[in-house]
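J.: Starting from these lines, generate the structure:
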Amino acid sequence: MVTLKDIAEKAGVSSMTVSRALNGKSKDISQKTAEKIKKIAEEMGYIPNSSAKALASHSSKLIAAMLMDYDGDPNPLVDPYNSAFFGELAREIQKNGYDLMLHYIKDYSEVNYCLKSWKVAGAVFIGSFDDNIRQIQEDNHIPLVFTDSYSTVRRITNVGIDDFHGGELAARYLLSKGHRNLAFIGPEAIGNGVIMHRLQGFCSYLREAGIQLPSEHIINLTGQNIEDILKMLKKAPHPVTGIFTTADNCAFEIYGAAHRLGYRIPEDFSVIGFDDNSMSRRAIPPLTTIRQDICQKAQLACQMLMKKIEDAKSPAENIILDVDLIERESVLDLSL
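T.: Model prediction:
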């Protein structure tokens, strides 16, 4: 890799002179020398070190993407939702002349370390940071954009989706196909606004239709064996025929467990996912799911952040995107 010293040796000047010329601080350097240094740097393929420039100038063209890294999960970018959101965010950030730095977060202490040590121009938070939003804002006076936040803290900039409506759509569709014995499967809902609102929307629509979802059919998947769950649902006094799950990834776990147990999708269990990630249409059978526009969400997160960077006094925004149901082949029609 080409260094300032390499350029200095070829130009016959000091490394400090090269640094000043390349960083636009060349008032003490002749225009001829500055142009010569820049030309040599270009010919040698010199690439500026963004982090070093940030430390020196107390500002940067770096944007941090803070991605929640939950214990026990694989690499967060293996998740199709995370990879789709991060890929689109990176593309949009680069279009605006910034570089995107990804940082996995396991606890709050890592947030401050990342934002302060790298002197980033702003940050986008991917995942649930609601427990720490107030502290994050108080400790970091830079533009911040959150995603899928249900925090009660005022004046935060956030882009999310209508999770409640997503739950309603899933319930309405299952009922329209003749399913009455239903289950909800996902991670712990308590303390997670996204999961809680999807569950609430699902239960609310069922209640309006005169159906009460039994508490034993609201299943926290964390730490449980999915095969045991499916066997329990199948052996219930009123066997479950329809399952709404909080994410496509969870639906695929149900697919796998059902196959191992000899159950069929959708004949034994009809399944509705959430997200419409890239694998949903390729699954066998293709997954009926609640679609959110992940790319649009990432684009809006970038636009909101750029607005805050350009005008620190711009008001906080909370944009909620709608969702829709994508009908495929994972729900059996019992109404026929």
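J.: only C-alpha atoms for contact and neighbour calcs from this point on.
T.: Fine.
J.: contacting residues for the most centrally placed residue in the chain?
T.: Taking CA atoms, centre = their mean, the centroid of the chain lies closest to Ile126, which sits 4.2 Å from it. Counting by CA atoms under 8 Å, 6 or more residues apart in numbering, Ile126 makes contact with Ala65, Met66, Leu67, Met68, Asn82, Phe146, Thr147.
J.: Would you mind confirming that the last one is in contact with Ile156?
T.: Which is Thr147. No - in this structure, Thr147 is not within contact of Ile156 by CA atoms under 8 Å, at 10.3 Å.
J.: Can you pick out the residue with more neighbours from those two?
T.: More crowded of Thr147 and Ile156, by other CA atoms under 10 Å: Thr147, with 23 against 20.
J.: Helices - which of the contacts of Ile126 land there?
T.: Of these, the ones assigned to helices by DSSP state H are Asn82.
J.: returning to that earlier point: tell me the bridge partners for the residue nearest to the centre of the chain.
T.: Beta-bridge pairing of Ile126 under DSSP bridges involves Leu67.
J.: Could you list every helix and strand in contact with the helix or strand harbouring Gln296?
T.: If you go by DSSP states H and E, Gln296 is part of helix 294-310. Judged by 3 or more CA pairs under 8 Å, 6 or more residues apart in numbering; DSSP states H and E, the packing partners of helix 294-310 are helix 80-95, strand 122-126, strand 144-147, strand 158-161.
J.: and if we set it to 6 Å?
T.: helix 80-95 (3 or more CA pairs under 6 Å, 6 or more residues apart in numbering; DSSP states H and E).
J.: Quick one: distance of the helix it packs on to the chain centre.
T.: What separates the centre of helix 80-95 from the centre of its chain is 9 Å, taken as CA atoms, centre = their mean, to the nearest Å.
J.: which residues are in contact with that helix?
T.: Helix 80-95 is contacted from outside by Leu77, Leu100, Ile294, Cys295, Ala298, using CA atoms under 6 Å, 6 or more residues apart in numbering.
J.: How about it, which residues are buried there?
T.: Residues Pro80, Tyr81, Asn82, Ala84, Phe85, Phe86, Glu88, Leu89, Ala90, Arg91, Glu92, Ile93 are the ones in helix 80-95 that count as buried (16 or more other CA atoms under 10 Å).
J.: Next SSE downstream of it?
T.: Counting by DSSP H and E, the element after helix 80-95 in chain order, helix or strand, is strand 99-105.
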